[in-house]
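Chemist: Sequence and predicted structure are below.
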Amino acid sequence: MRGKSVAHSDNDDNSRCPRSLGHLLDMPLAFLGFALWRAWVSLSYANPAALLPVNVAGGKLPYDIVLAACAVAIALLSPRLAPLAGRRWAFRTAALLLGGSTAVNVAGLVHPELTAALAPIATVAAGIGSALLILLWCEIYSCLAPTRVALYYSLSMAGGVVLTFILEGFRDQYLYGALIVLPALSAALAWRSYQRYIPTEDRPVPSERRLIPWKFFIILALFELVATYSGAQIRGQYAALMGSHSTWTTLICGIALFVWVWRFSNRLPLSTLYRAPTLLICCGLLVVPLFGLGGSVVASFCMALGVGLFNAIVFLFLCDIAKRFGVSALLLFGIEESLLLTGWIGHEGALLFDGHSLFGTLGPAVGALGAIAVIAVVTVLVLNEREIGERWGIAFLGKRPPEENERTRLARRCAAVAEQGHLTPREREVMELLAQGKSLSGVAGELIIAEGTAKAHTRHIYEKLGINTRQELLDLLMAEN
């Protein structure tokens, strides 16, 4: 690493995508520490590679419940906690809780008679620690430009799978040691990423905004429902395909997303992937089985790939909203993490329909029709995306309404000028508010920052654009029309 030179590069070139191998090597590898947590949760709960008796006794559902409850609590407290990444205790707490939950499992191996008593302790520690570490990483990633988020997240997906595959070959005693170290190392890299590579002006600030994309969360909940229902059928026969952490599909999805962003995003925007998960799930549930195109393996692969791709799109979309609209990432991702409990409804539905306990031999057919009906609702919501596109990110979703209002045209011109002048996302927000006629105090109030900070951002904007007055800024923006 090149230390400060890398940090400077991130600050000045945060919105541009690196394209050469040299740029790739200059990317701050600390951001890939998210892969370490993905490997930890894969080996500890998703696909345990060693005997973890306490985790087995506790079960994954209680772990998910604790994680979701903690995530919701942090979301509700986000105005007071943000930026969570600026609080050293959060990193230490996450590392101690996650490492401690593994230590409790080791204690259960030494004293099997204590397994039942230790299970609640390990479950609570792992759930709270996971919620903290997930939200810390989400808050850090939301400080980056969308292209960099996509690059780092795709590499973390692939890196987490590779690391999991490697650690699965370790002897048990070494694996336990790795499971204690991984959370601490991930938390340390998260702290380094935030302190060294996130410019002060791009860091999140406390925000009372409750601007929440509820329609998108409804889509997410329905998609999670169908994905888990279909996943319950796949896991028994093709366990290596299905899962969000350590499967071949996750590896393929991460590599494909990275290659897409690295080489083809200029010609094929990420918006073209927006409907792909729905199409893949439909193919897996309906098209492939009806026409016998490769049998159940192909159907399983389509559904698993759709789930992985959708999870990546959710992450990118929420990071984009948090950055552009000043909404707390803790709020958005806290809600998103709570929706993982929707998956258990799908899991129980698979037992209900495919277990022949309710509809007899017609159970699988009824369940498949129900899943297809839910996907049809999701498809309608996705295709009818005018509200999502206009309100949450026309450029990100790749769709522009046929008639733009004046505010939308102004936002588009500000985006063009900001890109040409290499402005930071915060500077772009300040510029747009100035263009709307707001005073410095009005800008400060809107963004919940000090007036002196707003003045400093304005000075930087003028310097980068080579202008001296607000009128010159307005003239520049009009020239971009």
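Modeler: Done, it's in.
Chemist: Where does the residue nearest in space to the middle of the chain sit, in terms of helix or strand?
Modeler: Against the mean C-alpha coordinate of the chain, by Cα atoms, centre = their mean, the closest residue is Phe315 at 2.6 Å. According to DSSP states H and E, Phe315 maps onto helix 295-325.
Chemist: So which other helices or strands are in contact with the very next helix or strand once past that helix?
Modeler: Scanning forward in sequence from helix 295-325 by DSSP H and E, the next helix or strand is helix 329-338. If you count contacts as 3 or more Cβ pairs under 8 Å, 6 or more residues apart in numbering; DSSP states H and E, helix 329-338 packs onto helix 60-76, helix 78-81, helix 115-141, helix 214-237, helix 295-325. Yep, even glycine has a C-beta here, placed from its N, CA and C like the rest.
Chemist: tell me the angle helix 329-338 makes with helix 60-76.
Modeler: If you take axes from the mean of the first three to the mean of the last three Cα atoms, to 10 degrees, helix 329-338 sits at 160 degrees to helix 60-76.
Chemist: Return helix 329-338 as PDB; C-alpha atoms alone will do.
Modeler: Extracted in PDB, the C-alpha atoms of helix 329-338 (Å, rounded to 0.1, in the frame of the first residue of the first chain):
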ATOM      1  CA  ALA A 329     -26.900   3.700   6.400                       C
ATOM      2  CA  LEU A 330     -27.600   2.300   9.900                       C
ATOM      3  CA  LEU A 331     -31.300   3.000   9.400                       C
ATOM      4  CA  LEU A 332     -31.500   1.500   5.900                       C
ATOM      5  CA  PHE A 333     -29.400  -1.600   6.500                       C
ATOM      6  CA  GLY A 334     -30.900  -2.100  10.000                       C
ATOM      7  CA  ILE A 335     -34.300  -2.500   8.300                       C
ATOM      8  CA  GLU A 336     -32.700  -4.700   5.500                       C
ATOM      9  CA  GLU A 337     -31.100  -7.000   8.100                       C
ATOM     10  CA  SER A 338     -34.400  -7.500   9.900                       C
END
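Chemist: can you redo the helices and strands packed on helix 329-338 as TSV with distance to Asp202 and mean pLDDT?
Modeler: Shown next, in TSV, are the helices and strands packed on helix 329-338 (distance: least, Cβ to Cβ, whole Å; pLDDT from 0 to 100):
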stretch	distance to Asp202	mean pLDDT
helix 60-76	21	92
helix 78-81	18	90
helix 115-141	11	94
helix 214-237	24	69
helix 295-325	8	78
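Chemist: Those helices: which one's closest to Val261?
Modeler: helix 295-325 (9.7 Å; Cβ to Cβ).
Chemist: and that closest one, how far out from the chain's middle?
Modeler: 10 Å (Cα atoms, centre = their mean, to the nearest Å).
Chemist: Which positions within it qualify as buried?
Modeler: 298-325 (16 or more other Cβ atoms under 10 Å).
Chemist: Could you list the domains of the protein?
Modeler: Per the record, the chain has its domains at 31-387, 406-479, by automatic domain parsing.
Chemist: burial measure for the closest residue to Val261 other than its chain neighbours, as a count.
Modeler: Nearest residue to Val261, sequence neighbours excluded (Cβ to Cβ, 6 or more residues apart in numbering): Ala150, at 4.5 Å. Ala150 has 27 neighbours, counted by other Cβ atoms under 10 Å.
Chemist: and the gap between Ala150 and Phe31?
Modeler: 12 Å (Cβ to Cβ, to the nearest Å).
Chemist: Helix, strand, or coil at Gly284?
Modeler: helix (DSSP: H, G, I helix; E, B strand; the rest coil).
Chemist: Could you verify my assumption that it touches Ala299?
Modeler: Yes. Assessed by Cβ atoms under 8 Å, Gly284 is found in contact with Ala299 at 4.5 Å.
Chemist: now the helices for the stretch 351-481 of the chain?
Modeler: 363-383, 386-392, 394-397, 406-420, 425-435, 440-447, 451-465, 470-479 (DSSP state H, counting those that start in this stretch).
Chemist: Comparing the ones you listed by mean pLDDT, which bottoms out?
Modeler: Of all the helices of the stretch 351-481 of the chain, mean pLDDT reaches its minimum on helix 394-397 (a mean of 39).
Chemist: for Arg428, what are its contacts?
Modeler: Each residue near Arg428 by Cβ atoms under 8 Å, 6 or more residues apart in numbering is listed here: 414-415, 418.
Chemist: For Leu84, see how far away the spatially closest residue to Leu330 that is not a sequence neighbour is.
Modeler: Nearest in space to Leu330, with sequence neighbours left out and distances taken as Cβ to Cβ, 6+ apart, is Ser78 at 3.9 Å. Ser78 is 8 Å from Leu84, where distance means Cβ to Cβ.
Chemist: Asp172 too?
Modeler: 34 Å.
Chemist: now swap in Gly100 and tell me
Modeler: 20 Å.
Chemist: who's more crowded, those two?
Modeler: Between Gly100 and Leu84, counting by other Cβ under 10 Å, Leu84 is the more crowded of the two (23 against 17).
Chemist: Next, the contact list for the nearest residue to the more buried one once chain neighbours are set aside, please.
Modeler: For Leu84, ignoring the flanking residues on the chain, the nearest one in space by Cβ to Cβ, 6+ apart is Ala90 at 5.2 Å. With contact set as Cβ under 8 Å, 6+ apart, Ala90 has these partners: 84, 132, 136.
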